[in-house]
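Quick one: sequence and predicted model below, then my questions.
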Amino acid sequence: MNKKHYGVIGHPIGHTLSPFIHTKLMKLAGIDGDYSVFDITPEALAEEFRTTLSRLDGFNATIPHKQAVMRLADSLDETAALYGSVNTIAFSTNGGVTTSKGCTTDGIGFMRAIADAGITLAGTVTIIGCGGVGRVFANTCAKEGCRLNLLECQSGIEGARAFGESLNERFGSDTAKVFVTDKFCGGSDLLINATPIGMYPKCDACAVGDDVIAASKAVFDAVYNPAETLIVKKARKLGIPALTGMTMLVYQAAAAQTFWNGAEFDKNDIAQIADECFEELAKK
């Protein structure tokens, strides 16, 4: 069996856990492969896609390339249409011709992570932040039939309103309501932080007030460094089920390996790798 080659692209890419996670997953699945990091500017992406990247078996994409690689892929699966972005590309060669296919594993990573935590995706979901990851959560939850409260800071509220309107057009007129974050005081079945607020090294920041946390039945924070963010810490102190984004990150990578190689992993494998990721972060 030929050795397989994968990687992640971004700009700036900085430190990423992707090589650590994918190396662990490939070892579990018995895949002989390696995983590299590529810092590629937006201006160079099309050329690098055609040359360097197309020599790989596949790659993952992070900011700012998730929309651009979608336009470069030869074909897309249904997840790309739902989220309007791509974070995983697979290359295949047939008759000397190499083609590419894109998908997004963000949604499945989120769904599996909250399921492992015993959180049911139903009722009203409040999402803080309407950027790229917030839109993934919003589309996933809307597709599952949830009602949404979309929270955004004042400077981004017009974009959030436009996004809310697009969700209402796609999923039903009363799917999404939009609020300025610091003016929101409602409750929800699930509160999601889709902003970088609370991320290391600014660990003492929290995206919403204590009243919003207390009015939530469960909390999910997309931030995974530190291991216990302030919003999660506050929720747990109140006895509210809460988790950070590390398990989602590992599940996203596992779904990419399924897309590339058909590999499957059980939740114990995912939990073990997530724990090892926290240990890896502690070394940095």
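Yep, it's here.

could I get stretch 90-107 in CSV with only the CA atoms?
Provided in CSV are the C-alpha atoms of stretch 90-107 (Å, rounded to 0.1, in the frame of the first residue of the first chain):
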residue,chain,number,x,y,z
ALA,A,90,-10.1,14.7,-1.4
PHE,A,91,-8.1,14.1,-4.6
SER,A,92,-8.5,11.0,-6.8
THR,A,93,-6.8,10.0,-10.0
ASN,A,94,-8.4,7.9,-12.7
GLY,A,95,-6.9,7.3,-16.1
GLY,A,96,-4.2,9.8,-15.4
VAL,A,97,-6.7,12.6,-14.6
THR,A,98,-6.8,14.0,-11.0
THR,A,99,-10.1,15.4,-9.7
SER,A,100,-11.1,16.9,-6.4
LYS,A,101,-14.2,16.7,-4.3
GLY,A,102,-15.0,18.9,-1.3
CYS,A,103,-17.1,18.6,1.8
THR,A,104,-17.5,20.2,5.2
THR,A,105,-17.1,18.1,8.4
ASP,A,106,-17.8,21.0,10.9
GLY,A,107,-21.5,20.1,11.3
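
buried sites along that stretch?
Buried residues in stretch 90-107, defined by neighbour count with 16 or more other Cβ atoms under 10 Å: 90-91, 100-107. Where you see a C-beta, it was placed from the backbone N, CA and C, and this is true even at glycine.

swap in stretch 204-224?
Using 16+ other Cβ under 10 Å as the test for burial, stretch 204-224 gives 206-208, 212-213, 215-224.

Identify all contacting residues around stretch 227-239.
Applying Cβ atoms under 8 Å, 6 or more residues apart in numbering, the external contacts of stretch 227-239 come out as 191, 193, 198-199, 203-208, 210, 213-214, 216, 218-219, 221, 223, 241-244, 246, 278, 281.

mind listing which of the residues you listed are in helices?
Counting by DSSP state H, the contacts of stretch 227-239 place 210, 213-214, 246, 278, 281 in helices.

returning to what we had before: quick check: the farthest pair among the buried residues of stretch 204-224?
Farthest pair in the buried residues of stretch 204-224 (Cβ to Cβ) is 215 and 224. Separation: 24.4 Å.
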